[in-house]
Structure formats: structure tokens, C-alpha cells
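Participant: coords below, sequence missing:
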């Protein structure tokens, strides 16, 4: 990196807020995904004005900038090249306001997701989107990726909960989209910004909805002898007329892995389990819990347990939310996918994943948001074995192909980033991508902000006529998500 | 466009869609007017590809296009600079794909919303969304105008369950965003951009939605209050209670006068109460709609207690909500000179906005009647002309600016309906908290020649 840029960055944010020594930069060469690259410098702005100043400098010198929240992303969205400035938002971590009367929180981008709920809890509210990494991931990152989580089945994803944003554009301009009101006149640039993966601007303030805490919660654990029966239950619940707050599935291998880690009472001999949560008024929750239990039993659940205490409930969820970390104890390397399929295709897709697992002789664990049809197959491999590494890439690609074939998508909540960019031409035509590029250019004309992410350049799309190039996969050890 | 040029364009349009699908067909030219501007040519394509060919023709000739669905909201927005081609979507009227098991549906833009609902009802499913003019509003039009009704309280708008969209952009290409799965972050969220773009960015040809299981039963609780303050206090009580109603509407004392079946236009056009009374009683109403089993509804009764004045269920309940949804049109059918504004407010902005309305309207010789979502800030504010003389254009302009001036910061309010003559005297869209420069940049990026709905929207 040009030393004069480093000098100017130090002028903007102070010398202690810029890192440029190789040993310091090492910490910032990866995120929760599989790609790695060391940035040219890391800078820690503390105010919107800092961000604006940095973007102006970057824009004048045509230096790429990559924003980063907590680095828990799984698609390589926060990976920066050696020519790039990494904009680490960790110091912009203040909850600016909990506006109970308007059911809003105003937060800086570096605020951790769970902290918003914690701050609102004493008023009887919470922030609904709950990615499994919610103890670490930040609101800025959630906005960039349009993050989901188990409870987004009933509550919606990040975009349904953001009403206003303050954004610094690549040229340093500070703009506002929306506010505390649920909507406003004109184009919905707030909704359009969410999920843009840091390619349109840098969020410096977000206004998010606070949701009333439910009066009652019931958490059920339905236990099955086979994955197939559990998968069929997902379809049956979806069609039963009850929308659970969460409907998660763990296959037998994952159940054992999780149980060894957290001792939550998951049955070690299960073929699969469904973790089902119902929320709302206590009368409604009781009725729904009964209805859902009946559906499960009818669909061959061998047992349906209900968490009796809040502690039991928390433990079951701890198991679910730390599942990826639990896998890290068993296998040094794994590759997580984030495919989405129509919900009736859950049984067929799981059968296909099993076939792929056998074909390559690799263990593939499944833990996912079954109610949304959002799969997270974890492909385990030994990074010391080149054949296994190669096979894991192939298996991952075959799973993605399967999701596309079943009418699904390549990502439900992790984002496209670097990892899945090559798959975009399989979902979108050149004309679709061209419009996305034109829109990106309206915000980010020189593509200095998070370059080479999300949308493949058209020249590159045109080259993809035959089979897809293999996604670049490198092993990374268990980072809880 | 000259008459000769229009004939030549019509000939070319006919080559794309067939002779029988060019021209006003069942409409008289005045029925196709948009705020007084008559389209030079009218075309009804039958597929996204035909729409694309029409747009390409328009782009080559630098012609201005206005899309049209059920003509229920065509008068919203500014006076168009001109309309060279009106593109009707009524032939795009099929369900592309419906998977009841997956709770997803893909609908072509010209399909009437009422037909979508009846298809879904066969599988005990629905889109939790209510729109006025149910019989004629099309899906494309509803998406384009981001219309909302009382169900917004619990379910949000169409934006919140639109999972995919297909549209034709200004260079005549068919483009899509999203897909047919309920969770999807591949690519930009074009659904959000197109929703509420009022035909200014593209012509919507198809939209995909996640659908929901229908409620087994609902019940409506009407609660009367002697002042706005008491009604608002009651709303706060509901927020603090465990109740989770699916609708929460606030109705001003004059609003119930327009909750009935369409009535003949008043002539002369001025405010006359339904029943001759010396004064309309100052009753403010909150209408709560609850869904759930008998036990859930019993709980509502227990929690609400004596606040409930009347309960509605079955056909009477359906009728009440149909009237609430149709409120603004009922006002407009009775009073051709009435004005209707939509507000976008914070929760705490609702009461000050109603106060602003109650002050601004009489000052400019209007009677205020308002209803809307007490907890989302989407009010429908009607200004009914008070005097026998029709109000002057400046009266509308003054009233709009007085109302906007008293709204809390961060609010926005657009004029949805008013006499077209008045529209030249003020900005129907008003200010918005969202950066307008960026809105223009987005518009320029995909419609650089400004061929879509020129002059009607903010961009």
C-alpha cells in the first residue's frame, strides 16, 4: 500500500486507528468463509465523518475499500486484496437510542446483534433477526448480508426490520434512506440497500424495528428414526396452517455432534430431530403446540418432547446455535453450504445430499432452517488429503446444482460474496446481471467499494458457457456461525 | 406526438401484438386519461416479450410510456409530461406457477387481485393483504403503487412477501430479481426497488409471493372513545398487553360516514352529513381485528373489557373491513372535489399528524375525515370540501402545505387524489427522508432517457 495513503488515513482517524504492519494485518486476512487475502491496511473509523473522509480519500486515489463488521460472514464478503483498505467498523459500536415509544433502536454499525435485544429486553422488546452468530455478528454486517436466522421463519429477515439507514457513499457523501417511520414517500432505497453486500455504500447508522417479546414460548423437540420422516414432517407442518416461529432440523450425525458438545438432552440414537418453536399469546401457543405435536407424531416421530423450563429451552437452542462450532471439535475442516429449495423438496434434496455424501465418501452433516427450506450441509474433509479437498469442492458444487435444479437459490442468508459469485450466472441471465451492475454503478461507479464481490463482471459471465469453474475453497477450522 | 406519427406507431405496435390489441378498446379516450393527459396510443401486449418489444420501439423513437393495470390508481402522482404509449397489462392475466405445498405463487402482472385470492382460497391460503377496488386492481398495479391496507399492521406490505419479480427495463430487456423460494439473498433485492416505483423504473410483468395459511376465524372489536387522546392511550395499552391483533385502525369522528356502500355523488359537491344532526358526536374509534381460536378471542374480550363497544364477525366483519379499505374511494365517489393524502409517520407521529389535519383542513374550508393504521403511521386523510363553491386550486395548495408543515420531523405525506387542476400548484409527493439525489441516480441508471411515466413520480 502506498505510504502516502497510510499517512493520510492516520490524519483522518489518528495514528493508533490504522494498522499496516504484516503481523497486525494477519488477523484481518479471513472471515468466516473459505477465502483468504491480506489487506493493505486496516482502519478503524469512529464517526461518520471519519468514514466519509476515508471514502473521499479512497475515491480520489482509486483505492479499493472493503467494509468489515465482526468477520463472521460465510461468503468471503469481507475479504480484501492487498491493494485495499479494510474499513473495520468495530469502534462504531454504540447503541444511540432505544426509542420504545416508536418501537425502534438507532444503532451504529458495529453494535453486536444480540446487544440490541439485550438493551431492549427491559422494555419488553427485542430485535427479531437472530443469526446463529448473533453473539458476535454486527448490525452493519447483518444489513449488508440481509442476515436471517432460525426465528426469521415467522418474523422475516433483516430487510423486514430495517426502516432507516445513514450511509456513506463511495465518493464520501453522507446520505439518509428512510427513518423511524415504517415507510416513506419515493423509492424504497432502504430496502434496496439491505443485502447489497457492501457494494453500494457503508452503513454508519441503522434504525431497526423492535418487536414485542411474546407472552409465551413453547419449544418442542421432535425425535425421528429417519431423516426422511423428519423431512416429511416439515412439509406437513408447513401445510397444516401453523407457522412456527422457528423450525430447525438436525440430522442424526449432527445431533450426536451437538449433544457431545452441549449435553442438552438431544437423543444420541436419533435419525434426525426437529427443533420447533411456537410464540405468541399463551392460548395460541398451547393450541399450536398441541397441533404441531400431533402432526409430528402422525409423521412418524417416535417422541415429541417439550422444554419444561427456560433453562432447558436455552440449552436446546445453545446446541443448535453452536452446531458449527461443535463440528469443529470433530473435524478440523469443513465447508458449509447455504442452499435454498422449495419446502416440499426438502426430502428429495436430503436424499440427494446423502447420495453425494456416499459418492465421495465424505461425511455431510445437516443442520438447517427447515421451515424456510434453507439448507446448511456441512461437508467434512481432511485438509491434508488433496483428494478429499478436491472431492469436497465437487460435493459442494453438486449440492448447489441440486438446489438450482429444484428451483431454489444458491444462498438464503450467507450472501454471494466471493464464494458464490461464479454461480450467479446460473440463476440470473446476462440481462439481469447487467441491470444489477448499472444499479451498483449508480452508487459505486468506479467499483472501489467492495470490488469483485457479489456480481460477476459481464465479460466473465460470457466466458461461462460450459461447466462452472470450481469455487475456490480452502479449509478453515470451526468458526461458530 | 402528431396524429400521423401516432398512426405510424400504432401500425408498428400492431405488428408486435396483433391488430386487435392496439387502441382504446372498451374505453373511451377520456377514461384512459391520466390527470387530463390522453395517451396517443394504447397497446395490450400478451407476454413479457411483447412488452419488451413495445418498450424497444418506444426507446428507439424516444416515446414516453405509461403502464396501466386496473386503472384504480392512475390519478396518483403528478400530471404526466405526455403519454405516447399506454401499455395495458390486462392480457398478462394468468397464474404462472402455484405450489400450495411450498406456499409460493408466481402471478403475471395483469391478473386481478381478487382472482388471485380466489385461487388461493381453494387451498385455504391467502395473501395477507387488502386492497381497495378488489374487483379491478391488478397485482402489477398494487406492487407498483405499494398500496397498503389495514392488514399492514401485522403483515407489512406486498414488499414484505414479494420473493421475486420480473420486469421490462427501458432498453427493452426482460429482467428478473429474486426467485421462487421464501429466503433468498442472491443478487440485489430488486423486489424492494420495484415495489412502489410507480411505473417510473420499469414495467412489471410478473411477481412472486410467499403465501400464508388462511386464519380459521377472526373477530373485530370496535372501541369508542371521547377524544383522540383516549384512543391513543388505548393503543398504548394494547402495545403493553400480550394481544397481537392483525389490524389496528384508528377512525376519526367523520370517518364512519364514509364506511358504507358506494353512494351517488353529492351535487352540489360539498359536505353533507348522512343524517341531519346539529353536530357529529366527537367519537374516536379504534378497530382491532383478532385471529385465533375461541380461547384466543375470549382472551381478547377479557383483556379489552369494557372498552369494547361492539363486536363484529362473519359477513358484518368482512363488510366493515371492506368499507375501511375502500374509505378513500367512497369519499371520492361522493365528493369529486375531495382530496386524499397518505401519510408515513412514526408511531408517536400519528396523534400530532391527526392534530395537524384537524387544524389544517377547517382553516382551508375542508372537513377532515381520517382513518388508518394506528401503529404503522399509514393514515388515509380525506379533505372534504365544506362550502358550496368548489375550492380554488390555491386552497388545496395551502391546505397541503399547512398540513405538511405541522407533521413531526421525518414524516412524509403524498397527495394521492385531488382535482387535476390543483396539481399544477404544489408538489404532490412532498419531501421525503430518503435522499432524492440517489433516487434520481437510480432512475438515470436504468431509464436514462426517462421514457417511463415522465413527470408523474418523484423521479
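Facilitator: Yes, it's here. None of the values given here were measured: they were computed from a predicted structure.

Participant: Next to chain B in this structure, residues from the stretch 301-450 of chain A, please.
Facilitator: Applying Cβ under 8 Å from any Cβ of the partner chain, one finds that the stretch 301-450 of chain A approaches chain B through A:340-345, A:369, A:372-374, A:407-416, A:420, A:423-424, A:427-429, A:431-436, A:438-443. Where you see a C-beta, it was placed from the backbone N, CA and C, and this is true even at glycine.

Participant: Now list the buried members of those.
Facilitator: Among these, those buried by neighbour count (16 or more other Cβ atoms under 10 Å in any protein chain shown) are A:340-345, A:369, A:372-374, A:407-416, A:420, A:423-424, A:427-428, A:431-436, A:438-440, A:442-443.

Participant: In chain B, what residue comes closest to chain A?
Facilitator: Nearest to chain A, among the residues of chain B, is residue B:192, at 3.1 Å (Cβ to the nearest Cβ).

Participant: ok, that residue touching residue A:178?
Facilitator: No: in this structure, residue B:192 is not within contact of residue A:178 by Cβ atoms under 8 Å, at 11.1 Å.

Participant: joint contacts of those two?
Facilitator: Common neighbours of residue B:192 and residue A:178, using Cβ atoms under 8 Å, 6 or more residues apart in numbering or on different chains, are residue A:188.

Participant: Could you check which of those two has the larger neighbour count?
Facilitator: Shown here are residue B:192 and residue A:178; by other Cβ atoms under 10 Å in any protein chain shown, residue A:178 has more neighbours (28 against 25).

Participant: need the contact list for residue 61.
Facilitator: Answering for chain A, as no chain was given. Counted by Cβ under 8 Å, 6+ apart, residue A:61 has contacts A:2, A:5.

Participant: oops, chain B please
Facilitator: B:9, B:84.

Participant: And the pLDDT for it?
Facilitator: pLDDT for residue B:61: 95.

Participant: Poorly predicted segments of chain B, please.
Facilitator: Applying pLDDT under 70 to chain B picks out residues B:268-279, B:387-388.

Participant: Got phi/psi on the residue nearest to the residue of chain B closest to chain A when sequence neighbours are not counted?
Facilitator: Nearest non-adjacent residue to residue B:192, counting by Cβ to Cβ, 6 or more residues apart in numbering or on different chains: residue A:191, 3.1 Å away. Backbone torsions of residue A:191, given as degrees, to the nearest 10, read phi -60, psi -40.

Participant: burial count for residue A:191?
Facilitator: Residue A:191: 25 neighbours (other Cβ under 10 Å).

Participant: which secondary structure element contains the residue of chain B closest to chain A?
Facilitator: helix B:190-194 (DSSP states H and E).

Participant: so residue A:8 sits in a helix?
Facilitator: Yes: counting by DSSP: H, G, I helix; E, B strand; the rest coil, residue A:8 is part of a helix.

Participant: Hmm, it is touching residue A:57, no?
Facilitator: Yes: assessed by Cβ under 8 Å, residue A:8 is found in contact with residue A:57 at 5.4 Å.

Participant: Pull the residues that contact the helix or strand harbouring residue B:354.
Facilitator: Assessed by DSSP H and E, residue B:354 sits inside helix B:350-363. Helix B:350-363 has contacts (Cβ under 8 Å, 6+ apart) with B:228-229, B:232, B:250, B:252, B:343, B:345, B:367-368, B:370, B:372, B:374, B:377, B:379, B:381, B:383, B:386, B:399, B:402-403, B:405-408, B:411, B:413.

Participant: buried residues in that helix?
Facilitator: B:350, B:351, B:353, B:354, B:356, B:357, B:358, B:360, B:361.

Participant: Repeat that for stretch A:216-234.
Facilitator: Here stretch A:216-234 shows A:217-224, A:227-234 as buried, counting by 16+ other Cβ under 10 Å.

Participant: can you give me the strands for the stretch 51-200 of chain A?
Facilitator: Using DSSP state E, counting those that start in this stretch, the strands of the stretch 51-200 of chain A run over A:65-68, A:85-88, A:95-99, A:104-107, A:125-126, A:162-168, A:174-178.

Participant: For residue A:165, which residues are in contact?
Facilitator: Neighbouring residues of residue A:165 by Cβ under 8 Å, 6+ apart: A:143, A:176, A:177, A:178, A:190, A:193, A:203, A:205, A:206, A:207.

Participant: beta partners for the third one?
Facilitator: By that I understand residue A:177. Note on residue A:177: beta-bridge partners by DSSP bridges are residue A:165.
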